[in-house]
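Trainee: Next one to model:
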Amino acid sequence: MQSTEFTLMRHARTHWNLEHRIQGQTDTILAPEGQKQAEAWANALRPGRYDRILASDLRRAVATAEAIRRRVGGALDFDSRLREQDWGEWVGLTLCRIVNDHRKEFQSQSRRGWDFTPPGGESRSRVLQRASEALRDAAERFSGQRILVVTHQGVIKCLLYHLVGHDMLPGGKKPLERDRLHRLRLDEDGFSLVSLNKEFVP
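Mentor: Residues are numbered from 1 along each chain as shown. Got it, this is the predicted structure:
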């Protein structure tokens with residue numbers, strides 16, 4: 001297998017982002033502010049830098065990916081395995097409300113680290129498994145290419161926290177900054193981290 005480079009980024013902002021509501025796999029759309037944000041990111045990326053774009057199939061990621069593709073070019077593919085973590089019964093709530101109204105359950109789940117599973121939702125370990133599989137399959141199909149991955153914050157955290165050995169427990173260091181580019185590589189030795197928190201510059 002040739003070395004395949006993945007650059008991970010989160011979709012642009014939605015109305016639910018602005019309201020601090022948990023979206024999970026709800027198929028929300030970009031807010032006007034998010035549309036402008038996606039265009040600004042597209043203008044900051046160098047045309048030809050990526051061979052293709054791989055995105056979650058949720059509309060907020062699709063719209064972000066399409067805005068970037070119009071600027072930088074390359075093929076565009078979608079994979080449902082790159083969707084956000086399913087937050088089950090807590091979708092649509094703010095984290096503050098979850099902490100206030102479901103305090104015991106939330107504290108109990110938080111102490112489970114990678115096994116954190118919202119009621120009726122899925123675990124972080126499951127998110128890591130399916131997202132990793134999506135990238136491995138892409139590396140097999142597009143070996144040696146440079147792929148921009150437009151996905152969700154929960155997916156990015158799972159992929160990168162796993163690589164840096166983060167335990168996903170409360171109070172730990174948070175190595176990721178929002179609205180940044182994170183680069184990793186997949187070759188015959190597996191995944192390796194290249195860089196974190198790069199700004200959107202040509």
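
Trainee: Can you get me a residue count around Gly88?
Mentor: 14 (other CB atoms under 10 Å). Backbone N, C-alpha and C define where each C-beta goes, glycine included.

Trainee: Where is the longest helix in this structure?
Mentor: Longest among the helix segments of the chain by residue count, using DSSP state H, is helix 124-141.

Trainee: Check the offset of stretch 7-22 from the chain's centre.
Mentor: In terms of CA atoms, centre = their mean, to the nearest Å, the centre of stretch 7-22 is set 10 Å apart from its chain centre.

Trainee: Report the buried residues of it.
Mentor: If you call a residue buried by 16 or more other CB atoms under 10 Å, then stretch 7-22 has these buried ones: 7-17, 21-22.

Trainee: And those, which is closest to Gly92?
Mentor: For those, the residue nearest Gly92 by CB to CB is Arg21; the value is 5.7 Å.

Trainee: ok, what's across the strand from that closest one?
Mentor: Beta-bridge partners of Arg21, counted by DSSP bridges, are Thr94.

Trainee: In contact with it, which residues are there?
Mentor: By CB atoms under 8 Å, 6 or more residues apart in numbering, Arg21 lies in contact with Gly92, Leu93, Thr94.

Trainee: who's in contact with the first one?
Mentor: By CB under 8 Å, 6+ apart, the residues touching Gly92 are Trp16, Arg21, Ile22, Thr26.

Trainee: Show me the contact partners of the longest strand along the chain.
Mentor: The longest strand of the chain (DSSP state E) is strand 190-198. Applying CB under 8 Å, 6+ apart, the contact partners of strand 190-198 are 5, 132, 135, 159-160, 163-164, 175-177, 180-186.

Trainee: If any of these are buried, give me the PyMOL selection for them.
Mentor: A single PyMOL command is used to select the members of the contacts of strand 190-198 judged buried by 16+ other CB under 10 Å:
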select buried, resi 5+132+135+159+160+163+176+180+181+182+183+184+186
